[in-house]
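K.L.:
sequence-free structure coming up:
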């Protein structure tokens, strides 16, 4: 029987868990895995037991969990879990082991040695993140090298990462960006009422509380802009509180109008997106930010730093500012607050972003990579066409 007629048994490794677990990789897997199941794959995900207690059940939308312990210690959590996880996968003998991100990809050579077919998704050069020290950066560089060189198939989520893989390793990869699903826009405002927010009168930022997100740039710009009646809302948390989160909390507490909303999900997060006046992401490092795509799917005007991952989205120049330039960010906040987008502009943005990759296409193309990992194609590099849409104005 040909591989096209076989049910593929897939084990995914490299994430904490899902649904409603903070993180871009976690959100990516939350969207992707149920669709892989719908398309006929038998999908199991090796999750971290500290984030996925047994009262959350053993499966979700037909995707089964394999809980594996790891220490909840920054710097050790990922590598220990990945090592234990690859041993579990070797025991389970899936058709494909799909490793998410370059940190967990450090175990790709071991997985191959144990006879597994390995697919690695490169979500971004995590060694560029400001939170990591010298040793952690070395390990992440090694993880990237192992994942790219020892995998049967490589997936990248952006053109920028694809170029990086080619330039550093001379290896081709399949470009499969993060998908977009247009949400139903809720009319309810219960979360806003709980946080003391007025619809259309707050700046929203969604992401983990880590240095590379540059929350403090946004606080300073918000204070400088003096937006009358506006507030600034940070949605997100930190798994490992540290000096950065303490300094951020202290600055937020002493700056008028700043609200630390913590991790939000489900209807609460949808309400915050739906009724925001402006979305901002001032990061110095991103892969292809799902939070930005989600904000655009709600029709929000967005102001983002000019890093390659953001530029690849294709917004008009007015939406960008140079990373770290607080004065320019202040100017952008003032401009967009003075000229709020009408509902027609928001709907046009939703239509525009819907033209990007959808999650069903992401799942179908991912399965194609699985089959190539099992039965490699002959020939040269497998180029994928660019999925960048026309610019939004």
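P.N.:
Cool, the structure landed. Note that the structure is predicted; figures quoted are calculated from it, not measured.

K.L.:
State the distance from residue 277 to residue 207.
P.N.:
Using C-beta to C-beta, to the nearest Å, residue 277 is found at 18 Å from residue 207. Where C-beta positions appear, they are placed from N, C-alpha and C, glycine not excepted.

K.L.:
more neighbours, the two?
P.N.:
Between residue 277 and residue 207, residue 207 has the larger neighbour count (other C-beta atoms under 10 Å), namely 24 against 21.

K.L.:
Domain parsing of this protein, as residue ranges.
P.N.:
3-179+358-374, 190-353 (automatic domain parsing).

K.L.:
okay if I get those domains as a markdown table plus mean pLDDT?
P.N.:
As requested, those are exported to a markdown table (pLDDT from 0 to 100):
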| stretch | mean pLDDT |
| --- | --- |
| domain 3-179+358-374 | 94 |
| domain 190-353 | 95 |
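
K.L.:
Tell me where the stretch 151-300 of the chain has strands.
P.N.:
153-156, 174-175, 202-206, 231-235, 258-262, 278-281 (DSSP state E, counting those that start in this stretch).

K.L.:
and of those strands, who's closest to residue 212?
P.N.:
In terms of C-beta to C-beta, the element of the strands of the stretch 151-300 of the chain nearest to residue 212 is strand 278-281, at 11.0 Å.

K.L.:
what sits against residue 30?
P.N.:
By C-beta atoms under 8 Å, 6 or more residues apart in numbering, the residues touching residue 30 are 18, 19, 21.

K.L.:
For those, pick the one with the most neighbours.
P.N.:
Neighbour-wise, those (other C-beta under 10 Å) top out at residue 18, 26 neighbours.

K.L.:
So that residue versus residue 193, what's the distance?
P.N.:
Distance from residue 18 to residue 193, counting by C-beta to C-beta: 28 Å.

K.L.:
cool, and residue 70?
P.N.:
According to C-beta to C-beta, residue 70 stands 39 Å off from residue 193.

K.L.:
what about the two, which has more around it?
P.N.:
Ranked by neighbour count (other C-beta under 10 Å), residue 70 and residue 193 place residue 70 first, with 20 against 11.

K.L.:
Which residue comes closest to that one once chain neighbours are left out?
P.N.:
Using C-beta to C-beta, 6 or more residues apart in numbering and skipping residues adjacent in sequence, the residue nearest residue 70 is residue 81, 3.6 Å away.

K.L.:
Can you report how many residues neighbour the one you found?
P.N.:
27.

K.L.:
which residues does the residue nearest to residue 354 when sequence neighbours are not counted contact?
P.N.:
Of all residues beyond its chain neighbours, the one nearest residue 354 is residue 182 (5.2 Å), with distances taken as C-beta to C-beta, 6+ apart. Taking C-beta under 8 Å, 6+ apart as the criterion, residue 182 is in contact with 297, 350, 353, 354.

K.L.:
ok, the last one touching residue 180?
P.N.:
I take that to be residue 354. Yes. Counting by C-beta atoms under 8 Å, residue 354 does reach residue 180; the two are 6.4 Å apart.

K.L.:
Common neighbours of those two, please.
P.N.:
Residues touching both residue 354 and residue 180 (C-beta under 8 Å, 6+ apart) are residue 297.

K.L.:
Between those two, which has more neighbouring residues?
P.N.:
Neighbour tally, residue 354 and residue 180, criterion other C-beta under 10 Å: the higher count belongs to residue 180, 21 against 14.

K.L.:
residue contacts, that one?
P.N.:
Taking C-beta under 8 Å, 6+ apart as the criterion, residue 180 is in contact with 293, 296, 297, 353, 354, 356, 357, 358, 359.

K.L.:
picking that back up, could you turn the buried ones of the contacts of residue 182 into a ChimeraX selection?
P.N.:
Listed next is the ChimeraX selection for buried residues among the contacts of residue 182, using 16 or more other C-beta atoms under 10 Å:
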select :297,350,353
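
K.L.:
so where do the helices sit in this protein?
P.N.:
Using DSSP state H, the helices found in the chain span residues 24-38, 77-92, 108-113, 134-150, 159-169, 190-195, 215-225, 243-254, 266-275, 290-297, 308-311, 326-338, 343-354, 359-374.

K.L.:
Now render those as JSON lines, adding distance to residue 236.
P.N.:
As requested, the helices of the chain are exported to JSON lines (distance: least, C-beta to C-beta, whole Å):
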{"stretch": "helix 24-38", "distance to residue 236": "11"}
{"stretch": "helix 77-92", "distance to residue 236": "18"}
{"stretch": "helix 108-113", "distance to residue 236": "30"}
{"stretch": "helix 134-150", "distance to residue 236": "21"}
{"stretch": "helix 159-169", "distance to residue 236": "23"}
{"stretch": "helix 190-195", "distance to residue 236": "14"}
{"stretch": "helix 215-225", "distance to residue 236": "9"}
{"stretch": "helix 243-254", "distance to residue 236": "10"}
{"stretch": "helix 266-275", "distance to residue 236": "10"}
{"stretch": "helix 290-297", "distance to residue 236": "9"}
{"stretch": "helix 308-311", "distance to residue 236": "18"}
{"stretch": "helix 326-338", "distance to residue 236": "18"}
{"stretch": "helix 343-354", "distance to residue 236": "21"}
{"stretch": "helix 359-374", "distance to residue 236": "22"}
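
K.L.:
Between these, which one is closest to residue 55.
P.N.:
Nearest to residue 55, of all these, is helix 266-275, at 17.3 Å by C-beta to C-beta.

K.L.:
relative to strand 258-262, how tilted is that closest one?
P.N.:
Taking axes from the mean of the first three to the mean of the last three C-alpha atoms, to 10 degrees, one finds helix 266-275 and strand 258-262 inclined to each other by 150 degrees.

K.L.:
just checking, what packs against helix 266-275?
P.N.:
helix 190-195, strand 202-206, strand 231-235 (3 or more C-beta pairs under 8 Å, 6 or more residues apart in numbering; DSSP states H and E).
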